[in-house]
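A.B. asks: Got a predicted structure plus its sequence, pasted below:
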Amino acid sequence: MPDAQLTARSLETLLGEWRGNGAHYQALADRIRLLVLDGRVPIDTRLPAERDLAGRLELSRTTVTAAYRELRDAGFVDSIRGSGSVTRLPGPVLVQGAPIGGDGMLDFTKAALPAATALPAAARAAAEELPHFLPSSGYDPVGLPHLREAIAERYRSRGLPTDPEEILVTVGAQQAIALIARTFLGRGDRALIEMPTYPHATESLRLAGARLVPITVTPPGSAGPAGPAGPAGPAGPHPVVGSGAAGGSGEADGWDIEAIEQTIQRANPALAYLIPDFHNPTGASMSPETRARVVAAAAAQGTIVVGDETTGDLDIDRMGEFPSIASFRTRRAGDAPLLLIGSASKSLWGGLRIGWIRADRSVVRKLIAAKPSTDLGTPMIEQLVVARMLPDFPAIMEERRVQLRSGRDTVRRMLAETFPDWIVPDLHGGLAAWVGIGAPVSSALALGARNHGLLLAAGPRFGLDGAFERFLRIPITYSEEETGRAVAALARAWAGSLRGPVPYADPVALADVV
């Protein structure tokens, strides 16, 4: 029996803008197939009855029947007596010229850097240090004291007084997000989120039972069609758009602060999840004025602010830091907490699953009490490695700055040469470019690229209900050779995405991590 049933109304919401220039049955099948591949429609979900969906979408039943038949033929749907049409993932489907399985696939779904060059030496030193900790049980739910002190020192160096008791070490930033959501949100509570945003945060908030209240973030300054020039900006210091007073409606930095203030006042969310530095995926950074006004608006409503600063160190041009969003908190008695999330995974290596939460002592104690329900301790050896690397953080980040600048300029140059009409935003930091592709075909383009050896996260992966079909997140973290292969695959897939339906390769090769 199917695990869940999808109503026609719910599927209509997930479909978003699905109609294209081709046959409606094929476009509908393509979009449902993408929803299954992206995990937005889980496996073993019963799809709406053909008559119900046809009425909801104002289509003929024949059109929906043909779409379901396409899905059955491709292995994405089974017809089960008494259960209707149930979603499945097929085995490998051979497409001429496409790689079989995951071998040879270039995975651009992950915007992540390779390991910092300092990591092997730090790992060897940590291994030599480990015997000192072996007499203990090894279960560490809070974090090693010297690692918590090193993290606290990082905050103090940014002008944010912090004690080790205000730090909780977690298994990556993802656990930090999920732990905060589970601890501070109840079913039906509203949670303010940016759109687009980091999709795994959205998933954590939804799993906690939150009702999502979106606010829009746009790239702060668009370079327009990149043209024949190469770099996206100068190699030296470069001011962020909106780094002064936001002024007017406050949209200069990508956030409409007046709209945010009105939304917080009207919706009264229990929690606001924000990415203020090098926002994922747009690359925007909040101006100091925007930070101050968001914190003030949240304090007035008793809204908990969660500032995800995992990308905050990934500066390319700015050559300096804005004050942390926590710097604008007044700490008046009765104010809602303001929590910061950090991570070693974005800056040092994705394989180092060490994150942390900075919050008031009382909040940290509450989080510690909630943590054992899903995790009994953070890996000891990884904590030792990160503790070894943090004192050398400035030198490591200079290495990262060089890598990211090279990747950004390579992406911009190659996109300009291949897709002169695409819109590449100004990008001063972060791990990816939020590129405007000019047509609502991001999903079709991502699916088509898979048949040319490239895995790519479609724009709607970062939104809600099928939005952002005109955008594509392109990482700047890969080598020139890999980026060249990716752009070539996109070029081959582009024409097909504009014409209509595309064939499919092995869906197992589609990664979940973005």
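C.D. replies: Arrived safely. Fair warning: this is a prediction, and the values are worked out from it, not measured in the lab.
A.B. asks: Torsion angles phi and psi at Ile215?
C.D. replies: phi -130, psi 150 (degrees, to the nearest 10).
A.B. asks: and the closest residue to it other than its chain neighbours, what helix or strand is that in?
C.D. replies: In this structure, Ile215 finds its nearest non-sequential neighbour in Ile260, 5.3 Å apart by C-beta to C-beta, 6 or more residues apart in numbering. In short, each C-beta sits where N, CA and C put it, glycine included. If you go by DSSP states H and E, Ile260 is part of helix 257-267.
A.B. asks: how far out from the middle of the chain is that helix?
C.D. replies: Offset of helix 257-267 from its chain centre (C-alpha atoms, centre = their mean, to the nearest Å): 23 Å.
A.B. asks: other SSEs contacting it?
C.D. replies: strand 190-195, strand 211-216, helix 288-301 (3 or more C-beta pairs under 8 Å, 6 or more residues apart in numbering; DSSP states H and E).
A.B. asks: of those, which approaches Ala369 most closely?
C.D. replies: Checking these against Ala369 by C-beta to C-beta gives strand 190-195 as the closest, at 21.5 Å.
A.B. asks: so after that closest one, what's the next helix or strand?
C.D. replies: helix 199-207.
A.B. asks: Which positions in that following helix come out as buried?
C.D. replies: Of all the residues in helix 199-207, those buried under the rule 16 or more other C-beta atoms under 10 Å are Pro199, Ala201, Thr202, Glu203, Ser204, Leu205, Arg206.
A.B. asks: which one among these gets closest to Arg485?
C.D. replies: Arg485 has its nearest neighbour among the buried residues of helix 199-207 in Pro199, at 24.9 Å by C-beta to C-beta.
A.B. asks: per-residue pLDDT, the closest one?
C.D. replies: On the pLDDT scale, Pro199 is placed at 93.
A.B. asks: do you know how far it is from Ala359?
C.D. replies: 24 Å (C-beta to C-beta, to the nearest Å).
A.B. asks: Could I get the buried residue list for the helix holding Ile260?
C.D. replies: Ile257, Ile260, Glu261, Thr263, Ile264, Ala267.
A.B. asks: Then stretch 377-396?
C.D. replies: For stretch 377-396, a neighbour-count test (16+ other C-beta under 10 Å) marks 377-378, 380, 382-390, 393, 396 as buried.
A.B. asks: Okay, now the unreliable bits of this structure?
C.D. replies: Low-confidence segments of the chain, defined by pLDDT under 70: 1-3, 38-39, 82, 90-104, 220-252, 318-321, 333-334, 465-466, 498-513.
A.B. asks: Tell me, domain by domain, which residues of it belong where.
C.D. replies: 4-87, 106-116+395-509, 152-218+245-392 (automatic domain parsing).
A.B. asks: Between the ones you listed, which one is closest to Ala122.
C.D. replies: domain 152-218+245-392 (4.0 Å).
A.B. asks: where's the closest one relative to the chain centroid, distance-wise?
C.D. replies: Mean C-alpha position of domain 152-218+245-392 versus that of the full chain (C-alpha atoms, centre = their mean) differs by 13 Å.
A.B. asks: Let's check: the centremost residue of this protein is which one?
C.D. replies: Nearest to the mean C-alpha position of the chain, by C-alpha atoms, centre = their mean, lies Tyr198 at 2.5 Å.
A.B. asks: ok, it - contacts?
C.D. replies: Contact partners of Tyr198, counting by C-beta atoms under 8 Å, 6 or more residues apart in numbering, are Ile275, Asn280, Pro281, Asp308, Phe462, Val514.
A.B. asks: Name all residues that make contact with Ile151.
C.D. replies: Going by C-beta under 8 Å, 6+ apart, Ile151 touches Thr162, Pro164, Ile167, Val169, Gly342, Trp356, Arg358, Leu390.
A.B. asks: So which of those residues is the closest to Ile474?
C.D. replies: Nearest to Ile474 out of these is Gly342 (C-beta to C-beta; 25.3 Å).
A.B. asks: Could you check how far that closest one is from Gln5?
C.D. replies: For Gly342, the distance to Gln5 - C-beta to C-beta - is 40 Å.
A.B. asks: With neighbour numbers in mind, choose between those two.
C.D. replies: Comparing Gly342 with Gln5 by other C-beta atoms under 10 Å, the one with more neighbours is Gly342, at 26 against 13.
A.B. asks: What about the nearest residue to the more buried one once chain neighbours are set aside, how many residues nearby?
C.D. replies: Nearest residue to Gly342, sequence neighbours excluded (C-beta to C-beta, 6+ apart): Trp356, at 5.1 Å. When neighbours are counted by other C-beta under 10 Å, Trp356 registers 26.
A.B. asks: The helix or strand hosting Trp356 pairs with which strands?
C.D. replies: Using DSSP H and E, Trp356 falls within strand 355-358. When pairing is defined by DSSP bridges, strand 355-358 lines up against strand 167-170 (antiparallel), strand 338-343 (antiparallel).
A.B. asks: Let me see the ranges of the helices in the stretch 101-250 of the chain.
C.D. replies: Applying DSSP state H, counting those that start in this stretch to the stretch 101-250 of the chain gives helices spanning 119-129, 145-157, 172-184, 199-207.
A.B. asks: same question but for the stretch 351-500 of the chain, I mixed them up
C.D. replies: Here the stretch 351-500 of the chain has its helices, by DSSP H, counting those that start in this stretch, at 361-370, 380-389, 393-418, 442-450, 480-499.
A.B. asks: Adding distance to Asp73, write those helices out as CSV.
C.D. replies: As requested, the helices of the stretch 351-500 of the chain are exported to CSV (distance: least, C-beta to C-beta, whole Å):
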stretch, distance to Asp73
helix 361-370, 47
helix 380-389, 46
helix 393-418, 34
helix 442-450, 16
helix 480-499, 19
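A.B. asks: Would you tell me which one of those is buried the most?
C.D. replies: With neighbours taken as mean count of other C-beta atoms under 10 Å, the helices of the stretch 351-500 of the chain reach their highest mean count in helix 442-450, at a mean of 26.
A.B. asks: Using CSV, write out the CA atom coordinates for that helix.
C.D. replies: Taking C-alpha atoms only, helix 442-450 is exported to CSV below (Å, rounded to 0.1, in the frame of the first residue of the first chain):
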residue,chain,number,x,y,z
SER,A,442,15.5,25.5,-15.3
SER,A,443,14.1,22.1,-14.5
ALA,A,444,14.1,21.0,-18.1
LEU,A,445,17.7,22.2,-18.4
ALA,A,446,18.8,20.4,-15.3
LEU,A,447,17.2,17.2,-16.5
GLY,A,448,18.6,17.5,-20.0
ALA,A,449,22.1,18.2,-18.6
ARG,A,450,22.0,14.9,-16.8
